[in-house]
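Q: below are the sequence and a predicted model for it; my questions follow.
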Number of protein chains: 2
Amino acid sequence: MPRWKPDAVERLHGAALELFDEQGFERTTVAEIAQRAGLTQRTFFNHFADKREVLFGLSSEIQQEVIREIAAGDEDLPPLDAVVRALEIAADTMFEDRRAAVTRRHAILAANPELQERELRKNAVLAEAIAAVLRERGCDPETALFATGAAMLAQQAAFQKWTRPGETRTLRDLLSEAVRSLRTTVSR
Amino acid sequence: MPRWKPDAVERLHGAALELFDEQGFERTTVAEIAQRAGLTQRTFFNHFADKREVLFGLSSEIQQEVIREIAAGDEDLPPLDAVVRALEIAADTMFEDRRAAVTRRHAILAANPELQERELRKNAVLAEAIAAVLRERGCDPETALFATGAAMLAQQAAFQKWTRPGETRTLRDLLSEAVRSLRTTVSR
DNA sequence: GTCGTGATTGCAGCTTGTGAAGTCACCGTA
DNA sequence: TACGGTGACTTCACAAGCTGCAATCACGAC
């Protein structure tokens, strides 16, 4: 008999999602989450740096995937296209088949400014990582910043539509469309 | 004799800046700030929603200025130009003559992720406010989002350069240049 | 068999942030 | 001049987030 049940992190994650759903982020305490997962508060903080972090487990995986795809992409692609291509692939592999879960998580974030702060930071970190890999490919720093920022702006618009009830198009399609639209807006 | 020395908010703000400079944001407690200002911790929280907020007093003024300028601008200007024009004016009136203070504040922010989170949120709020005023001018929502995002991306690049030691150009000039550069990057 | 490893725990303590009640200079008004 | 309201500040008490440290004990390596 193992000393502890396995999957402590998953249990904490699941318990947190349930409780955030049931009573909101602010009104649920870390002690409650831990209790529902059959663990203690101290253990929660062994696995997550803070209470918000329990909602962001996937983001480093997404980041790795995007970075990998940019690095693996065609060297000759213009920077913006290189980033968009990687985001499209990530949309297919990490988002498309989890629409329900992603949407639920999005609703939790939308209800809480603290969580949006964290999300913004994760996006900023992702953006910096993308810009860095573009620079490694020989892109000058300003171009890297702009290509990254533009791509993530399109991603944001596409994601917004994708999580709207009734929306049936794929995130990938919405993203491609958003990029076209962004190009015309910026070009005047 | 007045019951309290005047300018409690300014004293708290000044004490906070000093202490953050001396020992960093994390290592200074609200109790210390209040003590140096000759007040109590509770009074600090009467004036600032949380510990970080003491560094963001100006941002709502900036937001109002930018919004006002967009609303007052030429109706026929394309959305991106309308936003950029407002940011240029804000650069002149709110930033150019405070370079030293802005740079010091920027250094404090750069040293602390928590503070960057708050900064990102303030920017997101500003962006949403700008997009809203564009929509009121008849802009469709997606175009409003893209024009706003693009303008703030250029602003970010310009600000980055402006705070670099040795940089002598004005923020306004750097911003105009960044917009041109962004346009070429996004147009391919 | 023993020994180190690593996940988990208990506990003590600090800090942030809030709620509620109280103090008292100042100001307007009569 | 008296008097009552206002609002900035204080005091106290406490919930909740988060950390450091020492202890526990199944498990795997040797």
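A: Cool, got the structure. Numbering: from 1, shown residues only, chains lettered A, B, ... in the order given.
Q: write out the residues of chain A neighbouring DNA strand D.
A: The interface of chain A toward DNA strand D, taken as Cβ under 7 Å from any atom of the strand, is made up of A:1-3, A:28-31, A:41-42, A:45, A:49-52. Yep, even glycine has a C-beta here, placed from its N, CA and C like the rest.
Q: among these, which ones are in helices?
A: Using DSSP state H, the subset of the residues of chain A next to DNA strand D located in helices is A:Val30, A:Ala31, A:Gln41, A:Arg42, A:Phe45.
Q: that older thread, the residues of chain A next to DNA strand D: which two are farthest apart?
A: A:Met1 and A:Arg52 (34.5 Å; Cβ to Cβ).
Q: say whether chain B is contacted by the longest helix out of those in chain A.
A: Ranked by number of residues, the top helix in chain A under DSSP H is helix A:113-136. Yes - under the criterion of Cβ under 8 Å from any Cβ of the partner chain, chain B is reached by helix A:113-136 at A:Pro113, A:Gln116, A:Glu117, A:Arg118, A:Leu120, A:Arg121, A:Ala124.
Q: of A:Met1 and A:Arg52, who's got more company?
A: The neighbour count for A:Met1 versus A:Arg52, taken as other Cβ atoms under 10 Å in any protein chain shown, is higher for A:Arg52 (19 against 2).
Q: what about the spatially closest residue to that one that is not a sequence neighbour, how many neighbours?
A: Spatial nearest neighbour of A:Arg52, excluding adjacent residues (Cβ to Cβ, 6 or more residues apart in numbering or on different chains): A:Arg118 at 4.7 Å. A:Arg118 has 22 neighbouring residues, counting by other Cβ under 10 Å.
Q: you'd agree A:Arg118 is up against B:Glu117?
A: Yes - with contact defined as Cβ atoms under 8 Å, A:Arg118 reaches B:Glu117; the gap is 6.6 Å.
Q: any idea how far DNA strand D is from the residue most central in space within chain A?
A: By Cα atoms, centre = their mean, chain A has its centre lying nearest to A:Ser59, at 4.6 Å. A:Ser59 sits 17 Å away from DNA strand D, going by Cβ to the nearest atom of the strand, to the nearest Å.
Q: and what of A:Ile89?
A: To DNA strand D, A:Ile89 is 33 Å away according to Cβ to the nearest atom of the strand.
Q: A:Asp92 now?
A: For A:Asp92, the distance to DNA strand D - Cβ to the nearest atom of the strand - is 34 Å.
Q: apart from its chain neighbours, what residue comes closest to that residue?
A: Nearest non-adjacent residue to A:Asp92, counting by Cβ to Cβ, 6+ apart: A:Arg172, 5.7 Å away.
Q: what strand or helix carries the one you found?
A: Per DSSP states H and E, A:Arg172 falls inside helix A:171-186.
Q: likewise for A:Arg169?
A: With DSSP H and E as the test, A:Arg169 turns up in no helix or strand.
Q: tally up the residues packed near it, please.
A: Neighbours of A:Arg169 (other Cβ under 10 Å): 12.
Q: residues from chain A in reach of DNA strand C?
A: Counting by Cβ under 7 Å from any atom of the strand, chain A comes close to DNA strand C at A:Arg3, A:Trp4, A:Ala8, A:Ala34, A:Gly38, A:Leu39, A:Thr40, A:Arg42, A:Thr43, A:Asn46, A:His47.
Q: kindly recompute the last result at 10 Å.
A: Contact residues, chain A versus DNA strand C (Cβ under 10 Å from any atom of the strand): A:2-9, A:11-12, A:26, A:34-35, A:37-47, A:114.
Q: just the buried residues out of those, in PyMOL syntax.
A: Those of the residues of chain A next to DNA strand C that count as buried under 16 or more other Cβ atoms under 10 Å in any protein chain shown are selected in PyMOL with:
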select buried, chain A and resi 8+9+11+12+34+37+39+43+44
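Q: any idea how far DNA strand C is from the spatially closest residue to A:Arg183 that is not a sequence neighbour?
A: Spatial nearest neighbour of A:Arg183, chain neighbours left out: B:Val186 (6.0 Å); criterion: Cβ to Cβ, 6+ apart. Between B:Val186 and DNA strand C the computed distance is 38 Å (Cβ to the nearest atom of the strand).
Q: A:Ile62: what's it in contact with?
A: A:Ala90, A:Met94, A:Leu126 (Cβ atoms under 8 Å, 6 or more residues apart in numbering or on different chains).
Q: again, only this time at 7 Å
A: A:Ala90, A:Met94 (Cβ atoms under 7 Å, 6 or more residues apart in numbering or on different chains).
Q: what's the pLDDT at it?
A: Predicted confidence (pLDDT) for A:Ile62: 96.
Q: for it, helix, strand, or coil?
A: Following DSSP: H, G, I helix; E, B strand; the rest coil, the label given to A:Ile62 is helix.
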